[in-house]
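Engineer: Return atomic coordinates for the entry below.
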Amino acid sequence: MKTKTWFISIFVLAATAGGTPAQPVTVTGAGDPNLDIPAVQAAVDQGGQVNLAGRFSFNAPPTTPAGKTYSRIVTISKDVVISGTPDMQGAMPEIDGGNWPFHVDAPGARVTIRGIHFVGPMAGAIWIYAVGGLTITGCRIENVAATIEFGVQGGQANPVAGGIFVGTDPHPVSAANPGMPGNFSGSLSISDNYLDIGASGSNQTVGIIMFAVGKSPDSEVDLHISGNTIMNVSEVAVNFRYVGGRAHAERNTITTGSIGVAGDAIRIFGSGSYLIADNVIDCGWTDGASTGISVTGQRPPLPPEEGAIVINNDLTMSAPASTTFVSGSAGIRIRGTAQLNSVVNNRIRGSAGAALAVLDQNGNIPGINMLIGNHLQGFQSSLADIVIDVGVTGTIIVGQRSGIEDSGIGTTVVPMQ
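Structural biologist: Numbers count the residues shown, from 1 in each chain. Reported below is the predicted structural model:
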């Protein structure tokens, strides 16, 4: 096995050195990081089609290439399709361990990663730092180990783990930390993957994170997060934070588990054109401030959030009966300067502070948001089914006759027969 892996590595290096067009290459894992890491690195450096087979060990200290900020195991820097070749029993190839096994730093290039099983990576499995087109599909990511390093990089007090991170700065986006959204362009698809992150203790564990991705109008993205199964996260399963372009989260199945601190199963924060549709969410965190779907707008100089469509989602707020809910808790929540958003035909069950809430956030007031035809049968609120906060302007509620706590300005309620 080791001899075979070394032979493939030498072949790849020779083809690259000769400058000839890349041919499809298969790399078979040896289960030894001293062999597996250089073999995979040499293959992806060639670009083109790379097939991985067998079991790979990435259990070695990460490296930080010259001129780079963040450590990783393998760097992907050019157009490449990395595909897993199943074994005779149909099992996909496995990459064990590694602090960010794959780091994609490929400005303008098109990268595909499909059919790979990541087991026990540290910090996360795939970091997309720069790309001109992306497909991650059919992968499994399990039992990610939170690290202090990733927590520090993101300005967090606790160790942090994630499944897939798209962004240049793990700090949440702000005026002081704007990221480099121009690093991303084109169609970015993360679809039909299985992520069981493995929430534990006080660690922050998240699923798919996107911070400052795409820049309008010259480097916009079409971002599709679809058909993924995401389990056992302690804070956010799908996190959109400032997208330049269009972002869709559709047909994902999210089961948070019970370990979490004031999390949002799906979070929209800041600018972008968002569609959140047909997701199935079981939000079981015991923290009384948690939400299923949260839409937040920020005040200038950050770009506004407006026009999100949240439609046809099935939410179960399954916190234990002993949970004490606070005013921010909701199945679906709109807050801050969020404007012109539509929450339509969602089904919300279980219990929380409210099923639907439109709230002030530190003096930032939402305006002209629509709550239309949502189904709240089987939901139990500690405050009211629908809560409209003090000063919130122009909310339109269609299809709700009662259970509304309205302290807003110019709220319109249209009951349906």
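Engineer: Could you tell me how far the residue nearest the centre of the chain is located from L195?
Structural biologist: Computing the C-alpha centroid of the chain and ranking residues by Cα atoms, centre = their mean puts I208 first, at 2.0 Å. From I208 across to L195, the span is 7 Å (Cβ to Cβ, to the nearest Å). Using the backbone N, CA and C atoms, a C-beta is placed for each residue, glycine as well.
Engineer: Let me see the backbone angles for I409.
Structural biologist: I409 has phi and psi values of phi -120, psi 120 when expressed as degrees, to the nearest 10.
Engineer: Skip the chain neighbours and tell me the closest residue to it.
Structural biologist: Spatial nearest neighbour of I409, excluding adjacent residues (Cβ to Cβ, 6 or more residues apart in numbering): T393 at 4.8 Å.
Engineer: Over to D360?
Structural biologist: Looking at D360 with Cβ to Cβ, 6+ apart, the closest residue is D389, at 4.7 Å.
Engineer: State the phi and psi torsions of the one you found.
Structural biologist: For D389, the backbone dihedrals are phi -80, psi 170 (criterion: degrees, to the nearest 10).
Engineer: shared neighbours of I208 and L195, anything?
Structural biologist: Taking Cβ atoms under 8 Å, 6 or more residues apart in numbering as the criterion, I208 and L195 both touch G163, I164, N228, I230.
Engineer: Just the ones in helices from these, please.
Structural biologist: Taking DSSP state H, every one of these sits outside helices.
Engineer: Which member of those residues is positioned nearest D45?
Structural biologist: Distance to D45, by Cβ to Cβ, is smallest for I164 among these, at 22.1 Å.
Engineer: quick one, what contacts the closest one?
Structural biologist: I164 touches 124-128, 136, 141, 190, 193, 195, 207-209, counting by Cβ under 8 Å, 6+ apart.
Engineer: Let's see that with 10 Å instead.
Structural biologist: 102, 113, 118, 124-128, 136, 139, 141, 190, 193, 195, 206-210, 225, 228 (Cβ atoms under 10 Å, 6 or more residues apart in numbering).
Engineer: State the distance from it to R333.
Structural biologist: For I164 relative to R333 (Cβ to Cβ), the value is 25 Å.
Engineer: just to revisit the earlier point, which ones among the shared contacts of I208 and L195 map onto strands?
Structural biologist: Among the shared contacts of I208 and L195, the members falling in strands (DSSP state E) are I164, I230.
Engineer: Using JSON lines, lay out the shared contacts of I208 and L195 together with distance to P65.
Structural biologist: Below are the shared contacts of I208 and L195 laid out as JSON lines (distance: Cβ to Cβ, whole Å):
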{"residue": "G163", "distance to P65": "23"}
{"residue": "I164", "distance to P65": "21"}
{"residue": "N228", "distance to P65": "30"}
{"residue": "I230", "distance to P65": "30"}
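Engineer: Need the shared contacts of I208 and L195 in JSON lines (columns: pLDDT and distance to S271).
Structural biologist: JSON lines is the format used below for those (pLDDT from 0 to 100; distance: Cβ to Cβ, whole Å):
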{"residue": "G163", "pLDDT": "98", "distance to S271": "24"}
{"residue": "I164", "pLDDT": "98", "distance to S271": "21"}
{"residue": "N228", "pLDDT": "98", "distance to S271": "23"}
{"residue": "I230", "pLDDT": "98", "distance to S271": "24"}
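Engineer: For PyMOL, write the select line for the buried members of the shared contacts of I208 and L195.
Structural biologist: Of the shared contacts of I208 and L195, the buried ones can be selected in PyMOL as follows, counting by 16 or more other Cβ atoms under 10 Å:
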select buried, resi 163+164+228+230
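Engineer: Just list the residues touching N312, thanks.
Structural biologist: Here N312 is in contact with E250, R251, I276, A277, D278, N279, V344, N345, N346, R347 (Cβ under 10 Å, 6+ apart).
Engineer: Next: I311.
Structural biologist: Per Cβ under 10 Å, 6+ apart, neighbours of I311: 250, 275-279, 342-346, 372-374.
Engineer: if you skip the residues just before and after it, what's nearest to it?
Structural biologist: Excluding its sequence neighbours, the residue lying closest to I311 (Cβ to Cβ, 6+ apart) is V344, at 4.5 Å.
Engineer: Report the beta-bridge partners for the one you found.
Structural biologist: Per DSSP bridges, the residues bridged to V344 are I311, I372.
Engineer: hang on, it packs against L356?
Structural biologist: No. Contact between V344 and L356 fails when scored by Cβ atoms under 10 Å: they sit 11.3 Å apart.
Engineer: hey, what's in contact with both of these two?
Structural biologist: With Cβ under 10 Å, 6+ apart as the test, V344 and L356 both reach L371, N374.
Engineer: Those two: which is more packed in?
Structural biologist: Counted by other Cβ atoms under 10 Å, V344 and L356 do not tie: L356 has more neighbours, with 29 against 17.
Engineer: Nearest residue to the more buried one in space, please, no chain neighbours.
Structural biologist: I386 (4.7 Å).
Engineer: For the one you found, give its distance to P366.
Structural biologist: 13 Å.
Engineer: Helix or strand for the closest residue to S202 other than its chain neighbours, just tell me which one.
Structural biologist: The shortest distance from S202 to any non-neighbouring residue, by Cβ to Cβ, 6+ apart, is to N158 (5.3 Å). Here N158, judged by DSSP states H and E, is contained in no helix and no strand.
Engineer: Next up, phi/psi of the nearest residue to P107 once chain neighbours are set aside, please.
Structural biologist: Of all residues not flanking P107 in the chain, A130 sits nearest, at 4.4 Å (Cβ to Cβ, 6+ apart). With angles defined as degrees, to the nearest 10, A130 sits at phi -160, psi 140.
Engineer: Low-confidence regions, this protein specifically.
Structural biologist: 1-22, 417 (pLDDT under 70).
Engineer: who's in contact with the residue nearest to L356?
Structural biologist: 330, 354-358, 371, 374, 376, 395, 397, 400, 402-406, 411, 413.
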